[in-house]
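Colleague: output the structure for:
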Amino acid sequence: MIDWSALPDRDPSEAELSAVSAALRSPDPVERDERAYPRLVGWVPGLSEERRLALGDAMADRFADPEVQARTFAPLVLAAVVRGGTPRPGWLEAFARWYPAETDLRGHHPELGWLHAVAHGADLLAAFGQRPEVDPEPLTVLGSARLLAPTDHVFDAMEDDRLGHALALTLTRPELTERQAVGWLDAVEEAFAAGEPGPVPAEVSNTLRTLRVVHLLALRGVRSRWGAPEVRALPYGAAVAGRIAAVLAVAAPYAG
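Modeller: Model (predicted):
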């Protein structure tokens, strides 16, 4: 048992850090979401480099955890770790294996609480997308792979907004060429073109709605987080918006 009221605001002991990290796997949503998660994220800025990297390694290992809540809360803490300093290449590799492959896309579960794999993964995608050490182009491809992965689950908890925001933030990187900024949409166009008459598959519905978010942000700019005063422009915003409009028209002609 953890005495949550006795934990320090910064510089936890190894035992405290280990215990709270373990609590992030808890099936109890109060223990995991309201206690362990904010405590770990609050500790990250004050951790030494060695401890920050060790926590990142532990979170990256969670992507292979058999418990869904362990897998889906790891990216939230790893995002804080990535924002705090240079990430290890292995973290992105582990994330890229997990993100498009995760099959449990439920936003909220009546017993487990928030799971939110797509949204939490989007936050980590955005964190990687803002690191100068990380090539942004594969991240856009990873985002499209997550969208196009077959599923029966239609986003119902604003996952499209979170992933659209993450993609738009990544597309603010000045290193991208115009071709790279729109290249991730080729796979989407191919998937849409291969569609057949009938009910819209869940992954196509999810992709359509996410692309509309990116289209809006490509034209208006994107904030780094909710309520942030600065609005960042996408260097190739007009090109991205135009390409998205053309791709949308393949599956949703009223939008073209």
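
Colleague: switch to C-alpha atoms for all contacts and neighbour counts from now on
Modeller: Noted.

Colleague: relative to His116, how far out is the most centrally placed residue in the chain?
Modeller: Nearest to the mean C-alpha position of the chain, counting by C-alpha atoms, centre = their mean, stands Ala122 at 1.3 Å. Between Ala122 and His116 the computed distance is 10 Å (C-alpha to C-alpha, to the nearest Å).

Colleague: tell me the confidence at the nearest residue to Leu24 once chain neighbours are set aside?
Modeller: With C-alpha to C-alpha, 6 or more residues apart in numbering as the criterion, Leu24 has its nearest non-adjacent residue at 4.7 Å, and that residue is Arg32. Looking at Arg32, its pLDDT reads 98.

Colleague: can you list phi and psi of Arg32 for me?
Modeller: When read as degrees, to the nearest 10, the backbone of Arg32 gives phi -80, psi -50.

Colleague: equivalent analysis for Ala218, please.
Modeller: phi -60, psi -30.

Colleague: OK, contacts around it?
Modeller: Contact partners of Ala218, counting by C-alpha atoms under 8 Å, 6 or more residues apart in numbering, are 168, 233-234, 236-238, 240-241.

Colleague: again with Phe95
Modeller: With C-alpha under 8 Å, 6+ apart, Phe95 has these contacts: 60, 63.

Colleague: and what of Leu115?
Modeller: By C-alpha under 8 Å, 6+ apart, Leu115 lies in contact with 68-69, 72-73, 105-109.

Colleague: pull out the buried residues from the residues you listed.
Modeller: 68-69, 72-73, 105-107 (16 or more other C-alpha atoms under 10 Å).

Colleague: of the residues you listed, which is the nearest to Glu16?
Modeller: Among the buried ones among the contacts of Leu115, Phe73 lies closest to Glu16 (C-alpha to C-alpha), at 18.5 Å.

Colleague: hmm, Leu24 and the closest one touching each other?
Modeller: Yes: using C-alpha atoms under 8 Å, Phe73 is in contact with Leu24, at 7.0 Å.

Colleague: on that earlier part again, for the residue nearest to Leu24, grab the count of nearby residues.
Modeller: 25 (other C-alpha atoms under 10 Å).

Colleague: so for stretch 16-26, what gets flagged as buried?
Modeller: So for stretch 16-26, counting by 16+ other C-alpha under 10 Å, buried means 16-17, 20-21, 23-26.

Colleague: now distance to Asp152, secondary structure and pLDDT too, for the residues you listed, in CSV please.
Modeller: Listed next are the buried residues of stretch 16-26 as CSV, based on distance: C-alpha to C-alpha, whole Å; DSSP: H, G, I helix; E, B strand; the rest coil; pLDDT from 0 to 100:
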residue, distance to Asp152, secondary structure, pLDDT
Glu16, 40, helix, 98
Leu17, 37, helix, 98
Val20, 34, helix, 98
Ser21, 32, helix, 98
Ala23, 30, helix, 98
Leu24, 27, coil, 98
Arg25, 26, coil, 98
Ser26, 26, coil, 98
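
Colleague: quick one: which of those residues is nearest Val214?
Modeller: Nearest to Val214 among the buried residues of stretch 16-26: Leu24, at 31.1 Å, using C-alpha to C-alpha.
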